[in-house]
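K.L.:
Structure for the following, please:
(one chain, ligands or ions: 1)
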Amino acid sequence: MNYDKNNIFAKILRKEIPCKKIYENEHVLAFHDINPQKKIHALVIPKGEFVDFDDFANKATEVEIVGFFKGVTHVSRLLGLEKKGYRVLSNIGQNGGQEVPHLHFHLFGGEKVGKMVER
Ligand code: AMP
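P.N.:
This next block holds a predicted model:
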């Protein structure tokens with residue numbers, strides 16, 4: 001799948017639409033999900049143009065990969081999620097239920113997150 005430069009997270013990265021920003025550095029942007037599924041529901045996205053985790057793992061440089069993962073854990077600590085635990089989740093493609101085609105990790109926490117997947 002080719003990267004769609006008009007996806008909503010690309011627009012957020014270009015500051016064409018606002019977000020409730022949590023953190024930003026040269027590698028990542030983190031913001032609160034517009035439709036939170038748990039008390040804390042954050043999204044962390046890489047700044048590069050990657051459709052999903054598969055695309056990222058195959059095409060990103062090692063610097064981008066390390067930067068992204070360090071960014072995710074930094075955001076989890078900013079939100080205090082590491083104290084009681086949390087869930088990281090990334091949907092990939094149609095069967096994964098991905099809606100926005102720019103890689104994002106969901107961070108869920110602030111309360112028990114519940115079952116891992118629906119049956
Ligand atoms: P996914 O289904 O994994 O692609 O998740 C996309 C997520 O992006 C959903 O949880 C949406 O609520 C969230 N979302 C969509 N638009 C925005 C936005 N403008 N700001 C913040 N979160 C958004």
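
K.L.:
Please spell out which residues along the longest helix seen in the chain are buried.
P.N.:
Taking DSSP state H as the criterion, the chain has its longest helix at helix 62-78. Residues of helix 62-78 classed as buried by neighbour count (16 or more other Cβ atoms under 10 Å): Glu64, Gly67, Phe68, Gly71, Val72, His74, Val75, Ser76. Every residue, glycine included, has its C-beta placed from N, CA and C.

K.L.:
dump the residue contacts of the fourth one.
P.N.:
The neighbours of Gly71, taking Cβ atoms under 8 Å, 6 or more residues apart in numbering as the test, are Tyr23, Asn25, His27, Val28, Ala30, Val44, Pro46.

K.L.:
what's the burial count for the last one?
P.N.:
Right, Pro46. 24 (other Cβ atoms under 10 Å).

K.L.:
per-residue pLDDT, the nearest residue to it once chain neighbours are set aside?
P.N.:
Closest residue to Pro46 apart from its sequence neighbours, by Cβ to Cβ, 6 or more residues apart in numbering: Phe68 at 4.7 Å. We have a pLDDT of 98 for Phe68.

K.L.:
so how far is the ligand from Phe68?
P.N.:
Distance, Phe68 to the ligand, using Cβ to the nearest ligand atom, to the nearest Å: 16 Å.

K.L.:
So which bits of the chain are right by the ligand?
P.N.:
Within the chain, the positions near the ligand by Cβ under 6 Å from any ligand atom are Ile8, Cys19, Phe31, Asp33, Ile34, Asn35, Leu43, Asn91, Gly97, Gln98, Glu99, Val100.
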